[in-house]
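S.K.: coordinates for the following, if possible.
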Amino acid sequence: MPRRALISVYDKDGVDVFARGLVELGWELVSSGGTAAFLAEEGLPVTTVEEVTGAPEMLGGRVKTLHPRIHAGILARREIDEDVQALEQQEIQPIDLVCVSLYPFASVAGRRGATEPEIVEMIDVGGPSMLRAAAKNFAHVTVVSDPTQYGAVLSELREHGNTTLERRKRLAREAFETTAAYESTIASWFGKTEQFPQQVTIALRKVSDLPYGENPHQAAAYYRELGARRHLLSKVEQLGGKPLSYNNLADLEGARRVVRELTQPAAVIVKHANPCGVAVAATIDEAWERALASDPVSAFGCVAVLNRPVGAELGARIAEHFVEVLLAPSYDDAAVAALRVKKALRILVDHERRSETAGERDYKRVLGGLLVQDRDDGVEDRETMRVVTGEPGEQQWADLLFAWRVCKHVSSNAIVLVRDLQTIGIGAGQMSRVDAVRIAVEKAQEHGHETTGASLASDAFFPFADGPQIALDAGIGAIVQPGGSRRDDEVLAVVEAAGAAMVCTGRRHFRH
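M.R.: Below is the predicted model of the structure:
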């Protein structure tokens with residue numbers, strides 16, 4: 001009696017080659033619905049599921065493989081006499097291989113305009129049932145849950161006549177990973193009506209292994225979240241350079257978050273997850289020069305993101321510096337040639353044209369769990385801010401709004417100094433806000449930036465007047481901060497005494 005393979009796949013890519021290989025090895029093919037028709041069109045002999053079960057497909061195809069003659073053939077334990085006798089009594093032939101690819105629930109659920117009935121129809125019932133049954137009986141059954149497994153399974157069958165127990169156990173694990181991720185994605189879709197469901201399961205699929213983690217002794221990999229409409233690299237094409245590292249990706253995420261805040265030609269330079277230079281200008285070439293000039297020392301070995309195409313001259317200018325990663329919407333051929341001279345530089349093309357991240361959650365790993373929160377989307381604008389002293393001019397308003405948008409993406413305690421839509425000093429990640437102010441001022445002065453008349457943004461209120469006083473002594477002319485301290489009156493008094501302006505947003509933007 002030939003060994004029997006049950007094939008029921010939504011994704012038909014490569015399944016004809018896989019099925020033909022099985023037939024050449026003497027296997028009998030059993031298949032359902034569209035898969036059976038597809039294989040028959042390819043000239044392969046197929047026994048339909050209806051022929052095995054003696055029952056037609058029902059309910060518009062919802063019921064095909066949910067039948068004892070299918071599941072008994074998969075689940076029977078060949079070493080147990082009672083199981084073998086039961087199959088013989090019912091004239092059921094064992095199924096030795098199950099190949100299933102599930103309905104594409106995640107892609108349909110993530111599609112704009114998809115209706116609820118369309119999404120619900122993508123909840124596969126029979127597929128996960130067959131995968132789970134075959135994986136449970138891995139001692140005897142080979143379960144194939146992904147097209148990438150076709151080649152290895154066929155090679156092993158050709159070489160050994162059967163798959164090894166080790167292979168079947170690994171395939172069983174991967175099948176359960178597939179069904180677990182699938183159910184998780186469905187549960188997440190249902191759970192979107194509740195802000196924080198009682199149980200959250202995050203399904204992730206590996207995109208790539210990484211050279212190492214934050215440090216060379218740490219192994220690392222990059223995973224994407226199943227069900228998400230896109231991920232960090234989903235619309236990114238690499239034109240040259242070394243493989244992306246863990247730290248590259250972390251910095252790239254930070255830089256992309258900043259550039260999404262800006263609509264004019266903008267350059268964002270990030271180092272260790274914090275912006276060290278941000279500028280907007282009339283042209284992207286000028287924006288790059290001004291962002292680099294913000295803090296050229298910190299920019300050494302940076303990740304840079306530009307929101308306009310890179311021409312030949314700009315490509316050559318960027319190649320003069322040590323840049324780890326460069327992301328832009330496109331590049332002239334001459335720019336790519338100039339950048340490729342730097343063999344290690346990862347040249348990335350950003351094909352993403354949507355910037356919104358609404359609905360995404362932020363996760364932070366803690367011992368034995370996760371902290372989960374809404375993403376800090378959106379930022380206050382001029383209409384929602386409150387002038388508490390002074391009268392900011394139009395250029396000051398532009399700088400205050402720009403500084404506030406950048407400050408939101410700097411590690412707390414965060415202070416950002418801006419002049420003419422260019423960051424000139426950033427104090428990031430300090431335990432003391434007064435130290436953050438001091439560092440920002442010192443950075444500006446170190447690189448020859450004029451602080452007189454510049455603007456300052458603070459991601460949270462000033463608990464004391466000493467921080468603002470340092471900035472005011474350096475000539476800062478306008479401050480934007482949330483307000484809300486018990487000592488707001490003291491802060492207001494020193495700002496008024498210096499003849500500066502101050503704006504309160506009413507909302508802080510901590511980033512730990």
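
S.K.: beta partners of Ile426?
M.R.: Using DSSP bridges, the beta-bridge partners of Ile426 come out as Val416.

S.K.: give me every residue that touches it.
M.R.: 274-276, 294-295, 406, 410, 414-417, 439-440, 443 (C-beta atoms under 8 Å, 6 or more residues apart in numbering). In this view, the C-beta of every residue, glycine as well, is placed from N, C-alpha and C.

S.K.: how does it look with 10 Å?
M.R.: Shown in contact with Ile426 (C-beta atoms under 10 Å, 6 or more residues apart in numbering): 274-278, 294-295, 298, 403, 406-407, 410-411, 414-418, 436, 439-440, 443-444, 457.

S.K.: same question for Val17.
M.R.: Val17 makes contacts with Glu42, Pro147, Tyr150, Gly151, Leu154, as judged by C-beta under 10 Å, 6+ apart.

S.K.: hey, which helix or strand in the protein has the poorest pLDDT?
M.R.: helix 49-53 (a mean of 76; mean pLDDT, DSSP states H and E).

S.K.: mind checking which of the contacts of Val17 are buried?
M.R.: Among the contacts of Val17, those buried by neighbour count (16 or more other C-beta atoms under 10 Å) are Pro147, Tyr150, Leu154.

S.K.: please produce a markdown table containing those, extended by distance to Ala465 and pLDDT.
M.R.: Below are the buried ones among the contacts of Val17 laid out as a markdown table (distance: C-beta to C-beta, whole Å; pLDDT from 0 to 100):
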| residue | distance to Ala465 | pLDDT |
| --- | --- | --- |
| Pro147 | 65 | 92 |
| Tyr150 | 69 | 93 |
| Leu154 | 74 | 91 |
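
S.K.: and the residues you listed, which is closest to Ser208?
M.R.: Among those, Pro147 lies closest to Ser208 (C-beta to C-beta), at 18.2 Å.

S.K.: ok, for that closest one, nearest residue in space, not its chain neighbours?
M.R.: Gly14 (4.9 Å; C-beta to C-beta, 6 or more residues apart in numbering).

S.K.: got it, and Val495?
M.R.: Excluding the flanking residues, the one nearest Val495 by C-beta to C-beta, 6+ apart is Met502, at 4.7 Å.

S.K.: confirm that the one you found sits in a strand.
M.R.: Yes. Secondary structure of Met502 (DSSP: H, G, I helix; E, B strand; the rest coil): part of a strand.

S.K.: pLDDT wise, what is it at?
M.R.: On pLDDT, Met502 comes in at 96.

S.K.: how about Ala181?
M.R.: In this model, Ala181 is scored at 88, pLDDT.

S.K.: that one touches Asp146, doesn't it?
M.R.: No. Using C-beta atoms under 10 Å as the test, Ala181 is too far from Asp146 to be in contact (11.2 Å).

S.K.: on that earlier part again, adding distance to Glu28 and secondary structure, write the buried ones among the contacts of Val17 out as a markdown table.
M.R.: Converted to a markdown table, the buried ones among the contacts of Val17 look like this (distance: C-beta to C-beta, whole Å; DSSP: H, G, I helix; E, B strand; the rest coil):
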| residue | distance to Glu28 | secondary structure |
| --- | --- | --- |
| Pro147 | 21 | helix |
| Tyr150 | 18 | helix |
| Leu154 | 16 | helix |
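
S.K.: any chance of those residues in CSV, plus distance to Glu82?
M.R.: What follows is the buried ones among the contacts of Val17, written out as CSV (distance: C-beta to C-beta, whole Å):
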residue, distance to Glu82
Pro147, 36
Tyr150, 34
Leu154, 33
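
S.K.: per-domain residue ranges of this protein.
M.R.: Domains of the chain are assigned by automatic domain parsing as 4-193, 234-350, 382-504.

S.K.: quick one: contacts for the nearest residue to Ile202 once chain neighbours are set aside?
M.R.: Once flanking residues are discounted, Ile202 sits nearest to Glu225: 6.5 Å by C-beta to C-beta, 6+ apart. For Glu225, the contact set (C-beta under 10 Å, 6+ apart) comprises 106, 181, 184-185, 188, 202-205, 231, 360-361, 363.

S.K.: how close does Glu225 sit to His231?
M.R.: Distance of Glu225 to His231, computed by C-beta to C-beta, to the nearest Å: 7 Å.

S.K.: go on, Ile7?
M.R.: Using C-beta to C-beta, we find Ile7 at a distance of 30 Å from His231.

S.K.: which one of those two has more residues nearby?
M.R.: Taking other C-beta atoms under 10 Å, Ile7 and His231 do not tie; Ile7 has more neighbours (24 against 16).

S.K.: assign a three-state SS to the more buried one, would you?
M.R.: Assignment for Ile7 (three-state DSSP): strand.

S.K.: do the same with Val495
M.R.: The three-state label given to Val495 by three-state DSSP is helix.

S.K.: ok so, going back, need the overlap of contacts for Ala181 and Asp146.
M.R.: In contact with both Ala181 and Asp146: Leu102, using C-beta under 10 Å, 6+ apart.

S.K.: between those two, who's got more neighbours?
M.R.: The residue with more neighbours, out of Ala181 and Asp146 and counting by other C-beta under 10 Å, is Ala181; that gives 20 against 16.

S.K.: who does whatever helix or strand the more buried one lives in touch, helix- and strand-wise?
M.R.: Using DSSP states H and E, Ala181 sits in helix 165-190. The elements that helix 165-190 packs onto, with contact taken as 3 or more C-beta pairs under 10 Å, 6 or more residues apart in numbering; DSSP states H and E, are strand 97-101, helix 105-109, helix 116-121, helix 126-136, strand 142-144, helix 150-160, strand 204-210, strand 220-225.

S.K.: worst mean pLDDT among the domains of the chain?
M.R.: With a mean of 86, domain 4-193 has the lowest mean pLDDT of the domains of the chain.

S.K.: picking up where we left off before, my guess is the residue nearest to Pro147 contacts Thr148. True?
M.R.: Yes. With contact defined as C-beta under 10 Å, Gly14 and Thr148 form a contacting pair (8.9 Å).

S.K.: what about Val141, distance to Trp189?
M.R.: 30 Å.

S.K.: tell me who's in contact with the nearest residue to Arg78 once chain neighbours are set aside.
M.R.: Once flanking residues are discounted, Arg78 sits nearest to His140: 5.0 Å by C-beta to C-beta, 6+ apart. For His140, the contacting residues are 74-79, 83, 94-96, 134, 162, 165, 168, by C-beta under 10 Å, 6+ apart.

S.K.: could you identify the buried members of the residues you listed?
M.R.: Neighbour counting with 16+ other C-beta under 10 Å marks Ile74, Leu75, Ala76, Asp83, Pro94, Ile95, Asp96, Ala134, Arg168 as buried within these.

S.K.: which of the three states applies to Arg78?
M.R.: Reducing the assignment at Arg78 to three states with three-state DSSP gives coil.

S.K.: measure it to Met130 for me?
M.R.: Distance from Arg78 to Met130, by C-beta to C-beta: 18 Å.

S.K.: what about the helices in the stretch 301-450 of the chain?
M.R.: Secondary structure of the stretch 301-450 of the chain (DSSP state H, counting those that start in this stretch): helices at 312-319, 333-339, 394-407, 433-446.

S.K.: those helices into TSV, with extra columns for mean neighbour count and distance to Asp381?
M.R.: What follows is the helices of the stretch 301-450 of the chain, written out as TSV (neighbours: other C-beta atoms under 10 Å; distance: least, C-beta to C-beta, whole Å):
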stretch	mean neighbour count	distance to Asp381
helix 312-319	19	31
helix 333-339	18	35
helix 394-407	22	7
helix 433-446	21	23
